[in-house]
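*Asks:* Below is the sequence, then the predicted model.
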Amino acid sequence: MIICDDKYPEILDKICAFLTPGDVELVFVDAEEMRGINVTQRGINKTTDVLSFPLVMQLHTPLGSIAINTDLVEQKAAQLGHSKDDETALLFTHGLLHVLGFDHEKDNGEMREKETEVIRNFNLPKSLIVRSQDVES
């Protein structure tokens, strides 16, 4: 289940239930707020599209928090020709997988495989990992 004060695409509940029975907090921020979070939490003075923060496992608490940059959602969706809901779903999936312990920078493709499974199951466009790897190539 998602804990969020804002309206969000219904597909996120389905993705969350597909990946975990646990709760996750979802926060929508603008680019400047995201830059501030990135500086405070990671020491990186720039905005980013999604950040996730796993929490220590305790009874009756969310698994973690995911912050999604709504400014970059709009920009990337327009740039890539898909809906804002699809872009939000991709970012949410990416963030949730990090909350669940996946790390595409250190694993052997497990996170990419799990993202691909979600993308196929929910008919979403290219994942963040695939897009990043396309840019690096």
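*Replies:* Ah, there it is. Residues are numbered from 1 along each chain as shown.

*Asks:* hang on, Leu55 packs against Val24?
*Replies:* No. Leu55 sits out of contact with Val24 when judged by Cβ atoms under 8 Å, with a separation of 9.4 Å. Yep, even glycine has a C-beta here, placed from its N, CA and C like the rest.

*Asks:* Can you work out which residues contact both of the two?
*Replies:* Listed as contacting both Leu55 and Val24 by Cβ atoms under 8 Å, 6 or more residues apart in numbering are Pro62, Leu63, Gly64, Ser65.

*Asks:* ok, the second one - contacts?
*Replies:* Same thing as Leu63. By Cβ under 8 Å, 6+ apart, Leu63 lies in contact with Thr20, Gly22, Asp23, Val24, Pro54, Leu55, Met57, Val99, Leu100.

*Asks:* between Leu55 and Val24, who's got more neighbours?
*Replies:* Neighbour count, other Cβ atoms under 10 Å: between Leu55 and Val24, Val24 has more, with 25 against 13.

*Asks:* That one contacts Leu100, correct?
*Replies:* No. Assessed by Cβ under 8 Å, Val24 is found out of contact with Leu100, at 9.1 Å.

*Asks:* Can you report how many residues lie near Asp5?
*Replies:* Asp5, neighbours per other Cβ under 10 Å, totals 9.

*Asks:* What's the separation between it and Val29?
*Replies:* Distance, Asp5 to Val29, by Cβ to Cβ, to the nearest Å: 12 Å.

*Asks:* Give me the nearest residue to Cys16, chain neighbours excluded.
*Replies:* Ile2 (5.6 Å; Cβ to Cβ, 6 or more residues apart in numbering).

*Asks:* How far off centre is the longest helix seen in the chain?
*Replies:* The single longest helix within the chain, with elements called by DSSP state H, is helix 84-99. In terms of Cα atoms, centre = their mean, to the nearest Å, the centre of helix 84-99 is set 3 Å apart from its chain centre.
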